[in-house]
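Chemist: sequence? don't have it. structure:
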């Protein structure tokens with residue numbers, strides 16, 4: 001796929017217009033050579049063939065973008081025939097120089113070098129061989145060689161810088177797209193975590209309300225109140241995410257992820273849904289890296305959601321152990337169900353494992369010896385990564 005970029009440093013050697021540059025070159029070649037012919041009456045006078053050759057090169061330049069090699073060969077042929085026909089010298093090499101630069105910029109450096117080397121011997125020594133000129137002086141031959149070397153070198157340098165600019169720009173664009181994609185996935189994960197947890201609570205409370213509604217209508221009130229609170233919480237979180245997306249025009253969107261500071265609120269909502277939750281904190285509480293704080297909260301939330309869904313009537317124990325070098329988050333339950341082991345992103349155990357490993361931690365999940373299920377995530381305080389979406 002062809003990528004059109006405009007490096008700010010690249011001079012417009014080839015021009016943007018297919019017609020403007022050839023017209024300028026034709027004007028300079030015809031007018032300049034006409035003046036040179038008047039100043040050198042000993043040379044063959046310009047005739048129809050001469051003007052045709054002077055215009056042939058510029059005419060070929062109109063196709064330089066599409067057929068650079070053919071245009072180079074055509075301009076070389078026209079220039080060589082003119083030069084070896086005994087006409088007066090002038091700015092006859094301009095169209096050939098443009099064709100050489102175009103060919104190099106299009107990546108055909110070897111062809112350009114071959115034509116320039118052939119041109120050096122044709123134009124420097126050809127007229128001498130045909131008797132139109134004296135043998136060139138060493139200084140003249142060296143000067144022409146140096147000029148041709150510059151003609152080959154400068155476009156190659158510009159092309160190299162242009163190519164590097166294109167690659168750097170493409171790399172930056174890909175990096176921006178990657179970050180934006182990761183952020184969108186992270187926000188999708190936040191939606192999943194928030195909605196899955198609250199909808200699970202709503203489902204449990206709705207089942208409870210339906211069960212007691214006919215026999216004890218007054219017993220449905222707490223369940224309905226819990227449903228209202230959970231639905232309001234879900235709507236609030238959803239609005240927060242949507243607000244972040246709307247404000248994302250100034251950069252990549254950032255998701256409003258809760259942290260362990262809101263763990264008590266999470267446990268309160270889980271208890272209101274009928275799940276018995278016990279919390280224990282060991283060690284000296286400390287400020288955590290933001291990524292660890294967010295990931296730890298989400299692992300507890302996902303674990304409690306799984307207990308609500310799959311463990312039946314169970315008791316969940318949440319333990320936070322602040323060690324010297326790492327935070328340990330353990331969630332145990334004594335239920336009979338087993339959390340889902342398949343999933344992607346933020347779903348189930350794979351999502352929790354991805355979050356933990358991305359931050360340089362360790363993750364364990366499996367049945368308890370006495371029944372139930374146990375999840376343990378350990379996060380080093382010196383983490384350098386970010387939790388995956």
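Modeler: Structure's in. What do you need? As the structure is a computational prediction, the values presented were derived from the model and not from experiment.
Chemist: Just say helix, strand or coil for residue 280.
Modeler: strand (DSSP: H, G, I helix; E, B strand; the rest coil).
Chemist: For the nearest residue to it once chain neighbours are set aside, pull up the helix or strand it's in.
Modeler: Counting by CB to CB, 6 or more residues apart in numbering, residue 319 is the residue found nearest to residue 280 once chain neighbours are left out, at 4.8 Å. Heads up, the C-betas are built off the backbone N, CA and C, glycines and all. Residue 319 is part of strand 315-322 when elements are defined by DSSP states H and E.
Chemist: what pairs with that strand, and is each one parallel or antiparallel?
Modeler: In the sheet, strand 315-322 lines up against strand 276-283 (parallel), strand 326-333 (antiparallel) (DSSP bridges).
Chemist: how many neighbours does the residue nearest to residue 280 have?
Modeler: For residue 319, the neighbour count with other CB atoms under 10 Å is 16.
Chemist: and it, what is it in contact with?
Modeler: 279, 280, 281, 282, 328, 329, 330, 331, 332 (CB atoms under 8 Å, 6 or more residues apart in numbering).
Chemist: One more: residue 71?
Modeler: Neighbours of residue 71 in contact, by CB under 8 Å, 6+ apart: 60, 61, 63, 64, 99, 102, 103.
Chemist: Surely the third one touches residue 73?
Modeler: No. If you go by CB atoms under 8 Å, residue 63 and residue 73 don't touch, sitting 11.8 Å apart.
Chemist: can you list residues touching both of these two?
Modeler: Common contacts of residue 63 and residue 73 (CB under 8 Å, 6+ apart): none found.
Chemist: SS state for the closest residue in space to residue 314 that isn't next to it in sequence?
Modeler: Distances taken as CB to CB, 6+ apart place residue 335 nearest to residue 314, at 3.0 Å, with adjacent residues excluded. Residue 335 falls in the coil class when you classify it by three-state DSSP.
Chemist: quick one: residue 335 and residue 309 touch, right?
Modeler: No. Residue 335 is not in contact with residue 309 according to CB under 8 Å; the separation is 10.2 Å.
Chemist: if you count what's nearby, which of the two comes out ahead?
Modeler: Neighbours were counted for residue 335 and for residue 309 using other CB under 10 Å; residue 335 has more, 21 against 17.
Chemist: Check the protein for its longest helix and report it.
Modeler: For the chain, the helix with the greatest residue count under DSSP state H is helix 138-213.
Chemist: now the helix or strand just after that one against helix 138-213, angle please.
Modeler: The element immediately downstream of helix 138-213 (helix or strand, assigned by DSSP H and E) is helix 220-246. Relative orientation of helix 220-246 versus helix 138-213 (axes from the mean of the first three to the mean of the last three CA atoms, to 10 degrees): 170 degrees.
Chemist: Does anything pack onto whatever helix or strand comes next after helix 220-246? Which helices or strands?
Modeler: Following helix 220-246 in sequence order, the next helix or strand is helix 263-272 (DSSP H and E). Using 3 or more CB pairs under 8 Å, 6 or more residues apart in numbering; DSSP states H and E, the elements in contact with helix 263-272 are helix 138-213, helix 220-246, strand 276-283, helix 290-310, strand 315-322.
Chemist: One more pass at 7 Å, please.
Modeler: helix 220-246, strand 276-283, helix 290-310 (3 or more CB pairs under 7 Å, 6 or more residues apart in numbering; DSSP states H and E).
Chemist: Confidence-wise, which of the ones you listed is weakest overall?
Modeler: Lowest mean pLDDT of the helices and strands packed on helix 263-272: helix 220-246, a mean of 70.
Chemist: chain center to stretch 30-49: distance?
Modeler: Relative to its chain's centre, stretch 30-49 lies at 57 Å (CA atoms, centre = their mean, to the nearest Å).
Chemist: ok, and for that stretch, which residues are buried?
Modeler: 30, 32, 33, 34, 36, 37, 46 (16 or more other CB atoms under 10 Å).
Chemist: what does that stretch contact?
Modeler: 51, 54, 55, 85, 86, 87, 88, 89, 90, 91, 92 (CB atoms under 7 Å, 6 or more residues apart in numbering).
Chemist: Is the second one within a helix or a strand, and which one?
Modeler: So that's residue 54. Judged by DSSP H and E, residue 54 forms part of helix 48-61.
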